[in-house]
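Undergrad: Next input, structure requested:
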Amino acid sequence: MKKLWDVVRRENIEVRYKDFSRLPENIHGLYIYDNRLGPLIVLDKSLHHSHRLHRCVLAEEIGHFYTAARTNLLAVHTSANLQTMEAQDERKAAQWATDFLIPDSALAKALESGYRSCFELAEYFDVTEWFMYRKLGLLKMCFRRTGLKVKGRDLFDIAIQPCHIIS
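TA: I've put the predicted structure just below:
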């Protein structure tokens, strides 16, 4: 968490906690740019009781700060173009977050050391299993862009290199 809080301080991002229990769906965090406060991340106060989820959600919301979200999740999007942009924004923020908490080089070393399941990798990187699955899914997308068709189980047996080196 220290590295994440260092980013928050360095970038002057305001972080606040609110009760999200009455919000629809399973929302744990929001990134908003407020004209008075500047960049603002609002997190569900229940995250104080789940260290790993807290790390993952904070990282993804910082990812929105860095990847400049173009849409607003608080607004209903009826346009297919806006829904596509929203999905792209979420993917970019998740890419930043997973790369920050699970760098490709560290993942390659963990795999070389014998970690062979999402559960083991999530434990090793101190993230949720869902977040680890997301990292592996983004890696599969990366390999597909280079023309390699990789199945999820194959990620445990190939030499992982950062996407910018492969492409």
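
Undergrad: Let's verify the residue of the chain most remote from its centre: helix, strand, or coil?
TA: Most distant from the centre of the chain: residue 36, at 26.5 Å, with distances by C-alpha atoms, centre = their mean. Here residue 36 is recorded as coil under DSSP: H, G, I helix; E, B strand; the rest coil.

Undergrad: The one 5 residues further on now?
TA: Three-state assignment for residue 41 (three-state DSSP): strand.

Undergrad: what is it paired to in the beta sheet?
TA: Counting by DSSP bridges, residue 41 forms beta bridges with residue 15, residue 31.

Undergrad: Now do it against residue 14, distance only.
TA: Note on residue 41: its distance to residue 14, by C-beta to C-beta, to the nearest Å, is 7 Å. All C-beta spots, glycine's among them, are computed from the backbone N, C-alpha and C.

Undergrad: More neighbours: the two, which one.
TA: The neighbour comparison of residue 41 against residue 14 (other C-beta atoms under 10 Å) goes to residue 41, with 21 against 14.
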